[in-house]
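Chemist: predicted model follows, preceded by the sequence.
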Amino acid sequence: MTESKIRIKDIAERAGVSVGTVDRVLHKRPNVSPIAKEKVEKALKEMNYQPNMYASALAYNKTYTFHVIIPQHEQIAYWEEIEQGVKNAQEARRDFHITAEIHHYERFNVKSFKETTEACLQAKPDGVVIVPADLENTRAFTDQLHAQNIPFVMLDSYMPDLKPLSFFGQDSFASGYFAARMLMLIAANEKQIVLMKFTKNGHVASKQQDNREVGFRHYMHDHFPDTKIIEFEVPLDSSRSLYDKQMEALFQTHPDIHHCITLGSKAHIMGDFLLRTNRRDVQIMGYDMVGKNADCLRRGSVSFLIAQHAFLQGYSCIDTLFQAIVLKKEVNPINYSSFASE
């Protein structure tokens, strides 16, 4: 018998108990004697009964709140798509009374991260999606989530030691390795290339970008060991005039540079500079189909962009919490999204 054909009445007759007793066992309600429970469970096993988890969850009529903690951002395509994926997942599961609340913290600001996560803990959500900050402060938060038995999914950067329920994002090492391979398809004959790094207080924007750089350098070491990598650090959130001065100095010092790469989403900053200064023999490669990046790609100052399927990541994080918490299903612990070069 399939589950759709098995009625509670059938189970009751097989077990020799009342319909009410079967209902209480199926929904884990009290007031069932051990003997009756054993009879029902034996009947369920013999009949190969598989409960309809969707129907059970709907019948339970419980509300669920998930918190999504991500960095503050302006109109950056990657994060906007993440948020849209979260909203669409919430809409898809609205019959199950799912609410997904998005909360932002300021990157590189420990106080902002702590305030955001403390507010989350006080609200006692049923599940959390988090884009991690540094390991120490993220661990302080996730330790409390574990203590309160609140499942959490990590997005964008993976920290396996923190034991998340699941992770969604790129394999950042493989992504950096792939980026180097794509770049060297057109820069194989170059003696030097530029690695442009956007930093704040001496640190790049995320652990993900650190891991991409490891993958990038690994490929270069193995396949182009004689190509010199010139590191070019510029501060995040600086003015265009300061960027222009720094980039002008870079190309004055290294006039033979023709190819650059950044492992984040701001390739357009150099791409725009190259167009305005009419440096048509120089290109930069980067990440994310941000509008400004796409414009530079069309105009020829950006050679490649690697996209991250951000919408699907946002959607999948919420859906994974739904599967694990509402439907009580096992979920995949690691979910690497593929990447595509445009």
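Modeler: Everything's here; your move. Keep in mind that what you see is a predicted model, and the values were worked out from it rather than measured.

Chemist: buried residues in stretch 78-96, which are they?
Modeler: 78-83, 85-90, 93, 96 (16 or more other C-beta atoms under 10 Å). Every residue, glycine included, has its C-beta placed from N, CA and C.

Chemist: mind checking which of these are in helices?
Modeler: 78-83, 85-90 (DSSP state H).

Chemist: redo the buried residues of stretch 78-96 as a markdown table? Include pLDDT and distance to Thr262.
Modeler: Output for the buried residues of stretch 78-96, formatted as a markdown table (pLDDT from 0 to 100; distance: C-beta to C-beta, whole Å):
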| residue | pLDDT | distance to Thr262 |
| --- | --- | --- |
| Tyr78 | 78 | 14 |
| Trp79 | 86 | 17 |
| Glu80 | 87 | 20 |
| Glu81 | 87 | 19 |
| Ile82 | 92 | 20 |
| Glu83 | 95 | 23 |
| Gly85 | 95 | 24 |
| Val86 | 97 | 27 |
| Lys87 | 96 | 29 |
| Asn88 | 96 | 30 |
| Ala89 | 96 | 30 |
| Gln90 | 95 | 33 |
| Arg93 | 89 | 37 |
| Phe96 | 87 | 41 |
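
Chemist: now render these as CSV, adding distance to Ser238.
Modeler: As requested, those are exported to CSV (distance: C-beta to C-beta, whole Å):
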residue, distance to Ser238
Tyr78, 20
Trp79, 20
Glu80, 23
Glu81, 26
Ile82, 25
Glu83, 26
Gly85, 30
Val86, 30
Lys87, 32
Asn88, 35
Ala89, 36
Gln90, 36
Arg93, 42
Phe96, 46
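
Chemist: report the buried residues of stretch 128-139.
Modeler: 128-133, 138.

Chemist: among the residues you listed, which ones are in strands?
Modeler: Among those, DSSP state E puts 128-130 in strands.

Chemist: quick one: contacts of stretch 145-160?
Modeler: Contacts with stretch 145-160, where a contact means C-beta atoms under 8 Å, 6 or more residues apart in numbering, come from 70, 82, 121, 124-132, 135, 138-139, 142, 162-169, 172, 206-208, 313-314, 317, 320-321, 324-325, 334.

Chemist: now do it, average pLDDT.
Modeler: When pLDDT is averaged along stretch 145-160, the result is 95.

Chemist: start to end distance for it?
Modeler: One end of stretch 145-160 sits 15 Å from the other (C-alpha to C-alpha, to the nearest Å).
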